[in-house]
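K.L.:
Just the structure for this:
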Amino acid sequence: MAHSNPRPRARRFATLAAAAATAAAVVSVPTAAHAEPVIRVDYPVNGSTTIKATGSTMTLGPGKLASSLDLGNGDLTANLQMPPAHGEFKQFGLIPVSVTTTMIEDSPTTGKVDINTGATTSTSKVTLKLSNLKMAGIPIPVGDNCKTKTPATINLASGADWDVLNGGTMSGSYTIPEFQNCLLATGLINLTVPGPDNTITLKLGAATVPPEVARKLAAIGD
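P.N.:
I've put the predicted structure just below:
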């Protein structure tokens, strides 16, 4: 994704790198084969996702993205922690339905940060778990293991407002796989929810040094 006037963003990226240099020293020790440090920062996360098949939008967060960035090659790894999300829609346009969706990270998020501009892309694989399903206010049993058969792959790219230091918007789309182990509701869920072209937008706040790293830095300063 193109970014206008990349130099200020590059300077802000350099500021983040400088501010985290000491923290990086306690996170990883450079070796001959890996000469650049890895910095650890956390971002607060809020957002929303729109499910195309149901025409509904769920609010996401507040959560946290715990990320590690290799300053040498721009490789990004992260763990996304999000609370369950509440969704509502009308089945067949008539029957009110409510459900709780939990995103379970299948593996760490991976991505790339352009060292020159700060532009960021990422890929997450998450299993979607459904619970608390109700139709017209009536609870519909789905069991404790109503999940997608395979993880959903969510690809995100930073927007024009993105700044590695101050956060910003990341957005993308994903396909919802079919569900399994949802008891008698499995067929109805698979008729209603799965499909492509679902969109997601995440708003990341300013990056902070995680508490465990801050404690190590404080100990070094004493």
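
K.L.:
Specify the local secondary structure of the residue nearest the centre of the chain.
P.N.:
The geometric centre of the chain, computed from its C-alpha atoms, lies nearest to Leu80 (C-alpha atoms, centre = their mean), at 4.9 Å. Following DSSP: H, G, I helix; E, B strand; the rest coil, we place Leu80 in the strand state.

K.L.:
got the residue ranges for the strands in this structure?
P.N.:
Assigned strands in the chain, in chain order: 38-51, 56-70, 75-81, 85-91, 95-113, 120-135, 138-139, 147-148, 152-158, 168-176, 179-180, 195-204 (criterion: DSSP state E).

K.L.:
isn't Trp162 right up against Met170?
P.N.:
Yes. Trp162 lies in contact with Met170 (C-beta atoms under 8 Å); the separation is 7.0 Å. C-beta: built from backbone N, CA, C; applies to glycine.

K.L.:
Run a quick neighbour tally on the nearest residue to Met170 once chain neighbours are set aside.
P.N.:
Once flanking residues are discounted, Met170 sits nearest to Leu156: 4.3 Å by C-beta to C-beta, 6 or more residues apart in numbering. When neighbours are defined as other C-beta atoms under 10 Å, Leu156 has 22 of them.

K.L.:
Please apply the same query to the one 10 residues further on.
P.N.:
Burial of Asn166, expressed as a neighbour count using other C-beta under 10 Å, amounts to 14.
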